[in-house]
Structure formats: structure tokens, C-alpha cells
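Undergrad: Requesting a structural model of the entry that follows:
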Amino acid sequence: MSHPHDSEHDHSDDGGHDLEHESAHEHHGGMAEYVRLALMAMVVVASLGGWWRQWMSRDWFAFAATIIGGFPIFKEAWENLRKRRMTMELSMTLALVAALCIGQFLTALVIAFFVLFAELVEGYTVGGGRRAIQNLIDALPRQVRVRRAGQEHELGTNEVAAGETIIIRPGERIPADGVVSKGHSFVDQSSITGESLPIEKVEQSKVFAGTINKDGVLEVIVEKIGRDTTFGKIIEIVEQAEKSRAPVQGIADRLAAGLVYFALGAAVLTLIVTRNITSTISVIIVAGACGVAAGTPLAILAGIGRAARRGIITKGGLYLEQLSRIDTVVLDKTGTLTLGIPDVTAVRGLDEATENDVLQTAAIAEQHSEHPLGEAIVRRARERNLPLREYSQLHYSPGKGIIVEESGTRIMVGTRALFEEHGVLVPTNALSEVGDHDGTGKTVVLVGRDHRVLGTVTLADQLRTEAKQAVNDLKTQGYRVILLTGDSSETATTIGSELGVDEAKGDLLPEQKVERIRELLRDGRKVAMVGDGVNDAPALAEATVGIAMGGGTDVALETADVTLMTSDLSRLVELLAISKRCYRVIMFNFWGTILVDTTGIVLAFFGLLLPIIAALIHVGSELAFILNSARLFRQRPTV
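TA: Numbers count the residues shown, from 1 in each chain. Modelled structure (predicted):
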């Protein structure tokens, strides 16, 4: 049987299995193949009744049905022989010709029928995976509603340019990447991120092509269209991954070719020892079964497709196989374990100042700030509905803080150095909290008005809600988990202790992260590096597998071997589970093929296996291994 792979790979030099899926499976589609099989089945049933004995001495109908119906097998065998490729079609053709030569026409017909039936099932199963990719492509709308010169126009998607405004009504699929300029709605982003719940979209929210607008009207300014969109890049990556070849597929190819030589050698030995042509034919037929060659590409396709449906984009079967062997997971902190956005964790008022006094005063000074700490303070003040009056003057001291004039008074927000520089005494009860970093990953800023310190605001980067559970799951599954960060060693130790990682190191520059990964690789570890796809690009490239949690950014898609389209760390656990399950299925098919073929050859050698039974074992085992791989399309991964 031929098995689906990328047609670009030539195996003419190594005698490998025929992996050209396009030409090899041309006979799988269309009504003609179903008609061919139906007619062959009718002849099989008729021949079993023995009606032909009244008019002819031999069942020439079965002979003709074998020649005509088995033509695709003979054609493939001839083409592969011309290219000097040792394939299963060649061994099956030898078996069919031998059966016909000794007058076992019905046996030959049954063999041809079941072989073609198995190929039809195989082609349909693999085609299902490719149809899933085509469904992705077809999901993008062909028409789009565009506002031009105040008028709405229905245009083809290819007629829309970046910068134009498109209108998305409820229930419609978004045709482009862009930013919401007007409207409010919830969008189903499962096709991009794998998130099950719709995500709220307001002005300035990003939307992705291929996602579905649920209930409100959105006006979107187009940024990217067609293949340039995140959705388009996902399709391209999945298409390339489906055609890619993992090292384990090379093993399957060599095993397939080896089995052909083994089958022919065993057949020659059987003929010499037993002088029994029937046993010899049975050996050739049963040894032609190669479930690993049939099931391996399907398992890899299923694994890649399963991951893609969960918002995990794998660039090829190579990385899926490498992930199955990972024993160490290295995690970046900011943007990976944490949200990468500071948040106010505590507000403390001194003397008679209340928390709201402190927060409102700080927010007045920071309301136009672009610094992440300032934005966090303003965000919390607005959550509490605190009014923010405008200030008249602003002075910024880099690394220290800001001073503004408001209602005839001076507001100061910043470090102890800023206050002391302007002659403001910091109370003792505030000194215990103040520090740019206090060793726990927190930042504490002082807030004052005129010559008085009102209180302090504490901010920290927040851990992702699922981070602790994800780390615990990884450790439970036997992975060594390491935290590497550019933040202080104290911060790394504190967060590492909270998460329960095996090792935590801070104060690391990008090149130092790379060196630590190299050390792990030199120690024989298989390392998966998980980062944000931007600052961690060198480390991602150095690791055995680089995994970017980029939220769909271009850099993440381009630099990493695997991209998690959502920032949910639980997807990392799923990814590793998918890779392990895929590899287990392939190995089951591998050893199963060897066991079935060896057992069948031994039975045939001793004359305990008729050609028809050998054909049933051949087809049955291949179908079993194909269906075993196909289970990966539907089952949730478990470890």
C-alpha cells in the first residue's frame, strides 16, 4: 500500500517506501473507485457460489475482475519499479501474479479487493485531516462590507486595503486583522486562540481574521488582509507542518522498505524449504502489511491538527516528535508566568490620610503617564470612580518619580530619593516599606502633597491564575521546571518558591539565559524553552524546542518552533500531552507491525495460513493501525 507524505521527498536512492501522496492517492477519490469496488465485490460473491462451473473450467470472471479491478495496484508497482523503489505495491503485485499463475483466481480477487478497500479507507481518513485545513481556508469570508466616502459598499476581500474601515454585523466572520474603531460586542476567537468563551471587544481592541462576531455591530480599521493575517499565517504553518517529515517517519520508511526485502527473502526461503507455492504466496501477502508506514503520517497530521484546534500552532512533525522527548521545561517570568502588567496590590495611608486620598493624589499626578506603574495607579483610581483633577505643571526625574502642581499645591510620587532631594522627611513607618524592589517582586512608591508624605502604593506584576497549577501539572508528569528571568534574584526566588519550580535564577541577561540552556543541553537534557517570542528569541532558538506565548504576534509565529496563540499556560501542558500520545501511538504501530508480520510469516512458512487469510491479516492489521492513529483526531490528550 502507498502512504501519504510530502511529494517533495525523493527516496529513489535509499529504496524507501513510496511516500508521494498526491499521485499515489489519485485513485482514492471519485465515484469510479466505489463502482470498481462494488463490481469486484459482486464478482467475489458470485464466484463463491460456483455458478461458473456449468460453463467454464476456470473462474475467468474472477481472473478478469482481478486484472481490471487491481489495475491501480499494478500501475503503482510498475511506476515504482521504474524508479527503483521497493514498495508494498510491488510485493502485492508479485503475490497477485503468482496466485493467478497457479489458478487461484478467487484468492487473487479477494486480495485485490481488500487491499483497494483498505487504501480507500486510508485515503479517506487522511483526506479528513487535509479537509480540516481546507475548511480553515474556506472559513475566511469572500465578501466584506467597507465604508468609503461615507457610503457602505460590498466588495471582495481582495479589494480591501489596509487602513480602510469595514463593518462586521452580528453572526458574521471577521475577514481581516484590525482594531475596533467603534462598537461593542463579544467575539468567538476559538479558531485563533482555542479559547472556549467569547472575548469582549470595545474601541481599540484587536480583532483577528477568521473569528466570529457574536452580538454587536463592530467597525474595524483593517491592518492586515488575506494571507498576511494571523489566521492566514496559521493556515500556512499548518499546511507546511502537514507536509513536513519527522525523524520517526524516516524510521517508518526504512521499516517499510526493509519489510519488502524481508518478505521476498522469506518467500524465497519458504519456496526452497517447503516447495509449496501456496505457502510462498501467503508469506509475500502477509509480510506486505506495514501499519507503521500507514499510521505514522496520519498520527502526526492528527497531532498537529488536534493542537491547532486548541490554539497551539506547531511548525512541523519534527517538533511534535521532539516534544515527546522533553524532560526539562524552562520558563521565562514576565509575560509567561506573569501577566506582564503591573497592578496595585496595596494602598496605605499615613496619619489621617485615607487609602482613597493616597490613590487619588497619586493618580492625579500619573493620569497622563505612559509608564506601566503610573498606568496601573490610574486604572485602580478609575475603578474606584475617584475624580482626577488636571495639574498645571509637571517635572519628571528619571528613575526617581514625578512632581506636579495642582490647586496651588505640589504633588510628589516616586522614590525616597525624590522626596529627600526636595527636603521632604520620610516618616519611619513608611521607610520599612519603601524600596525600588523589596525582594518579593514588588515596587513601593511614596505619595506626598507639599511637605507631607500621605502614604504608599505597592505594585507588582501579577502571576497568571493558572500558572501554579500548570507548574504543578508539569512536575507531576515528571518534568524538571526551571525559571529564568532578568528580574532580581530575590524576585526569582520568591516567585519560584510560590510556584514550586525546581530551580529559579534571576539577574540574567538574554545571553546568560542562552548559556544556561546550553549547559542543560550539554548535560543531556531535552529542553523546551517557553517565552514571549520577543526578548527570549535567542533562548527559544537554542532550546530543543522553542515555545512562544505570543498571543498571536508576528514575532512569536516567526521565531518559535511552536506558538501558543493564547497566554493560558495550561495549553503548554496539553501540548506536551498531545506530543506524548502521538509518539505512543506511532510506537504501538511500529511494534505491532513487526509482531503481526513476524507471526504471519511463521504461520505461512508452516503452511498454516492460506493466501485469503493472509490477505485478511494484511488488510485487517493495516486498518487497525490506521484507525488507531485516527483516534488522535478526536480524543483529548491524557498523560
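
Undergrad: Pretty sure A307 sits against L575.
TA: Yes: A307 is within contact range of L575, at 6.1 Å (criterion: CB atoms under 8 Å). The way it works is simple: take the backbone N, C-alpha and C, and place the C-beta from them, glycine included.

Undergrad: got any residues that touch both of the two?
TA: Common neighbours of A307 and L575, counting by CB atoms under 8 Å, 6 or more residues apart in numbering, are T314.

Undergrad: so where is the stretch 1-150 of the chain shaky, pLDDT-wise?
TA: 1-30, 86-89, 91, 122-139 (pLDDT under 70).

Undergrad: Mind doing that once more with 80?
TA: Along the stretch 1-150 of the chain, segments meeting pLDDT under 80 span 1-33, 48-58, 77, 80-81, 83-95, 98-99, 102, 111, 114-115, 117-141.

Undergrad: Mind jotting down where the helices sit in the stretch 51-200 of the chain?
TA: Ranges of helices within the stretch 51-200 of the chain are 60-69, 71-82, 88-101, 105-139, 190-193, based on DSSP state H, counting those that start in this stretch.

Undergrad: Strands of the stretch 101-250 of the chain, start to end?
TA: All strands of the stretch 101-250 of the chain, identified by DSSP state E, counting those that start in this stretch, fall at 143-148, 151-156, 165-168, 176-183, 185-188, 199-201, 206-207, 212-213, 218-225.

Undergrad: helices or strands up against the second one?
TA: By that I understand strand 151-156. strand 143-148 (3 or more CB pairs under 8 Å, 6 or more residues apart in numbering; DSSP states H and E).

Undergrad: contacting residues around the strand it packs on?
TA: Residues contacting strand 143-148 (CB under 8 Å, 6+ apart): 152-157, 160, 164-169, 175-176, 219.

Undergrad: In the sheet, which strands lie alongside it, parallel or antiparallel?
TA: strand 151-156 (antiparallel), strand 165-168 (antiparallel) (DSSP bridges).

Undergrad: That strand: which residues count as buried?
TA: V144, R145, V146 (16 or more other CB atoms under 10 Å).

Undergrad: hmm, back to that, so of the strands paired with strand 143-148, which one's packed in deepest?
TA: Ranked by mean neighbour count, the strands paired with strand 143-148 are led by strand 165-168 with a mean of 21 (mean count of other CB atoms under 10 Å).

Undergrad: Output it as CSV - backbone C-alpha positions only.
TA: These are the backbone C-alpha positions of strand 165-168, laid out as CSV (Å, rounded to 0.1, in the frame of the first residue of the first chain):
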residue,chain,number,x,y,z
THR,A,165,-12.9,50.7,7.7
ILE,A,166,-15.0,47.5,7.5
ILE,A,167,-18.3,46.8,9.2
ILE,A,168,-18.9,43.5,10.9
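
Undergrad: Make sure V445 is actually in contact with T415.
TA: Yes: assessed by CB under 8 Å, V445 is found in contact with T415 at 7.1 Å.

Undergrad: So between these two, which is more surrounded?
TA: V445 (24 against 21; other CB atoms under 10 Å).

Undergrad: helix, strand or coil for that one?
TA: Classification of V445 using DSSP: H, G, I helix; E, B strand; the rest coil returns strand.

Undergrad: so what's it bridging to?
TA: V457.

Undergrad: Enumerate every residue touching E236.
TA: By CB under 8 Å, 6+ apart, the neighbours of E236 are R227.

Undergrad: how far away is it from G317?
TA: E236 is 16 Å from G317, where distance means CB to CB, to the nearest Å.

Undergrad: What distance do you get for F262 to L269?
TA: The value you get for F262 to L269, if CB to CB is used, is 10 Å.

Undergrad: The two: which is more packed in?
TA: The neighbour comparison of F262 against L269 (other CB under 10 Å) goes to F262, with 17 against 14.

Undergrad: now that one, nearest residue through space, not along the chain?
TA: A287 (6.4 Å; CB to CB, 6 or more residues apart in numbering).

Undergrad: who are the neighbours in contact with that neighbour?
TA: A287 sits next to S91, L259, F262, A263, A266, A267, D597, G600, I601 when contact means CB under 8 Å, 6+ apart.

Undergrad: how deep is the last one tucked in, by neighbour count?
TA: Just to be clear, that refers to I601. 23.

Undergrad: for the fifth one, same thing?
TA: For A266, the neighbour count with other CB under 10 Å is 23.

Undergrad: any idea how far it is from V527?
TA: Distance, A266 to V527, using CB to CB: 44 Å.

Undergrad: Which helix or which strand is home to the residue lying closest to Y479 once chain neighbours are set aside?
TA: Sequence neighbours aside, V329 is the residue nearest to Y479 in space, at 5.0 Å (criterion: CB to CB, 6+ apart). Under the criterion of DSSP states H and E, V329 resides in strand 328-331.

Undergrad: who touches the following helix or strand past that strand?
TA: Going down the chain from strand 328-331, the next helix or strand is strand 338-349, by DSSP H and E. Here strand 338-349 makes contact (CB under 8 Å, 6+ apart) with 334, 355, 357-359, 372-373, 376-377, 379-380, 433, 442-443, 454-464, 467, 495, 532.

Undergrad: And strand 338-349, how far out from the chain middle?
TA: Relative to its parent chain, strand 338-349 has a centroid offset of 33 Å by CA atoms, centre = their mean, to the nearest Å.

Undergrad: list the buried ones in that strand?
TA: T338, L339, G340, P342, D343, V344, T345, V347, R348, G349.

Undergrad: Show the pLDDT at the third one.
TA: Residue-level confidence at G340 comes out at 72, pLDDT.

Undergrad: Hmm, V453 and P427 touching each other?
TA: Yes: contact between P427 and V453 holds when scored by CB under 8 Å: they sit 5.9 Å apart.

Undergrad: Overlap of the contact sets of the two?
TA: Both P427 and V453 are contacted by L350, under the criterion CB under 8 Å, 6+ apart.

Undergrad: quick one, which of the two is more surrounded?
TA: More neighbours surround V453 than the other of P427 and V453, with 23 against 13 (other CB under 10 Å).

Undergrad: distance of L359 from G408?
TA: 21 Å.

Undergrad: Only the buried residues of stretch 484-500, if you could.
TA: Buried residues in stretch 484-500, counting neighbours by 16+ other CB under 10 Å, are found at 484-488, 491-496, 498-499.

Undergrad: helix or strand right after the helix or strand containing F590?
TA: Assigned by DSSP H and E, F590 belongs to helix 570-605. The helix or strand immediately downstream of helix 570-605 is helix 611-630, counting by DSSP H and E.

Undergrad: V220 and Q204, how far apart?
TA: Using CB to CB, V220 is found at 11 Å from Q204.

Undergrad: between the two, what contacts are shared?
TA: Listed contacts common to V220 and Q204 are V179, V180; contacts here mean CB under 8 Å, 6+ apart.

Undergrad: between those two, which one's more packed in?
TA: V220 (26 against 8).

Undergrad: Surely P538 is in contact with V514?
TA: Yes: between P538 and V514 there is a contact at 5.0 Å, judged by CB under 8 Å.

Undergrad: Compare those two and say which one has the larger neighbour count.
TA: V514 (20 against 17).

Undergrad: how many other residues sit next to Y583?
TA: 21.

Undergrad: same thing with the one 5 residues further on?
TA: Per other CB under 10 Å, the neighbour tally for F588 reads 17.

Undergrad: Contact partners for it?
TA: N628 are the contacts of F588 under CB under 8 Å, 6+ apart.
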